[in-house]
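Novice: Sharing a model prediction with you, sequence too.
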Amino acid sequence: MTFTRRHMIIGGLASASLARPALATSAKEITWDDLIPPGVPYSEIIGEGELDEVNDLWSPIFDENATKLNDALDGAYIRMPGFVIPLEIGTKGVSEFILVPYVGACIHTPPPPPNQLVFVTAKTPWPDDKLWDPVWVVGTMRTRLQSTEVAQTGYALSADTMETYIW
């Protein structure tokens, strides 16, 4: 059988209509500043606080800017650095945690504002012997206020991969 121009066009159209494997999506690298919506200065997300002398606690009082979220990140595939505050630890490691912008946030100090905290669910648990290491987290981001036993978070991230942050 000889291939004519017509056969080549029909074959090309047929192969174009076949399902193609999904192309790998590269993650957009973001910083903590990207979590604050455009037009909201960082200085306006931190509010006053209350001192509980009996329990030796200081509780921040955030204004409405602390819960304003960057809606452009809802559904975005991102890569961001941070530190792990474990919430769910199993035999294989940490599967749920809060990603925070600096080491010790939420532990020894009042938590950062909700729009500076990310609730992470990891597909592969992070090793519990690396809790003090900074991490890169890659996954799909959602804008969603939620409360945890540690703090209120403004974002949720389903982590596809994590790795140690090396600078």
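Specialist: Received, thanks.
Novice: And the strands in this protein, which stretches?
Specialist: Secondary structure of the chain (DSSP state E): strands at 28-29, 49-52, 57-60, 77-90, 93-100, 118-126, 135-147, 152-164.
Novice: who wins for proximity to residue 70 among those?
Specialist: Of all the strands of the chain, it is strand 135-147 that lies closest to residue 70, at 7.1 Å by Cβ to Cβ. To be clear about C-beta, it is placed using only N, CA and C from the backbone, and glycine gets the same treatment.
Novice: Go through that closest one and flag the buried ones.
Specialist: 135-143 (16 or more other Cβ atoms under 10 Å).
Novice: ok and it relative to strand 152-164, angle-wise?
Specialist: Inter-element angle recorded for strand 135-147 and strand 152-164: 160 degrees (by axes from the mean of the first three to the mean of the last three Cα atoms, to 10 degrees).
Novice: Could you tell me the average pLDDT over strand 135-147, please?
Specialist: Mean per-residue pLDDT for strand 135-147: 97.
Novice: what are the pairing partners of that strand, and which direction each?
Specialist: According to DSSP bridges, strand 135-147 forms sheet pairs with strand 77-90 (antiparallel), strand 152-164 (antiparallel).
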